[in-house]
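Novice: Quick one, fold the following:
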Amino acid sequence: MPSFDFTSEADMDALKNAVDVATRQVDNRYDFKGTAAKVELDEKNKTITLHGDSDFQLDQIKDILFPAMEKKEKESVKRLDQQAVQKVSGNKVKQELKIKSGIESDLAKKIVKLIKDSKIKVQASIQGDEVRVQGAKRDDLQAAIALVTKSITDFPIRYGNFRD
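Specialist: Numbering: from 1, shown residues only. The predicted model follows:
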């Protein structure tokens, strides 16, 4: 029986590359000279930390970082969970951006419900942080892919691991 999986994994290499590009741009900008402006990527904890002198400066860093991320990996900004801005020593600020990886259970339930309500002749089941879809015909599986990619636009979802 043909099947495939809906997954959502961050491409850490592309993300690291985008952070490097943003770091170089921040280092070279004249208005950031002599300030605390910097971007750090923690691959182990899957967080990006932005440092700056003010909230305005953090917004400027995001304006540099987000297009660099989008250029390397489409829809990667939707994967970020922006934490509150924290005051650090003196008048400095920092903000953490957590990188969400995998499909959360609420979204997985939404995908399964969407597929079941569509009356497409496939079965969807949640397996850890991914959703497996099985069906008798390839055309039904392709219809499920089209339905989910059209309906779920607030989080980057990929399909793969297609088996006949």
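Novice: Okay, helices next: where are they in the protein?
Specialist: Applying DSSP state H to the chain gives helices spanning 12-28, 55-72, 105-117, 138-151.
Novice: Identify each buried residue in the longest one, please.
Specialist: For helix 55-72, the neighbour count (16 or more other C-beta atoms under 10 Å) marks Gln57, Leu58, Gln60, Ile61, Lys62, Ile64, Leu65, Phe66, Ala68, Met69, Lys72 as buried. For the C-beta atoms, the positions are set from N, CA and C on the backbone; glycine is no exception.
Novice: What of the third one?
Specialist: Taking 16+ other C-beta under 10 Å as the basis for neighbour counts, the residues of helix 105-117 that come out buried are Leu107, Ala108, Lys110, Ile111, Val112, Leu114, Ile115.
Novice: Pairing-wise in the sheet, spell out the partners of the closest residue to Ile48 other than its chain neighbours.
Specialist: Excluding the flanking residues, the one nearest Ile48 by C-beta to C-beta, 6 or more residues apart in numbering is Leu97, at 4.3 Å. Applying DSSP bridges to Leu97 yields these beta-bridge partners: Ile48, Gln82.
Novice: Tell me the spacing between Leu97 and Gln82.
Specialist: 6 Å (C-beta to C-beta, to the nearest Å).
Novice: More neighbours: those two, which one.
Specialist: Using other C-beta atoms under 10 Å as the criterion, Leu97 and Gln82 rank with Leu97 on top: 21 against 13.
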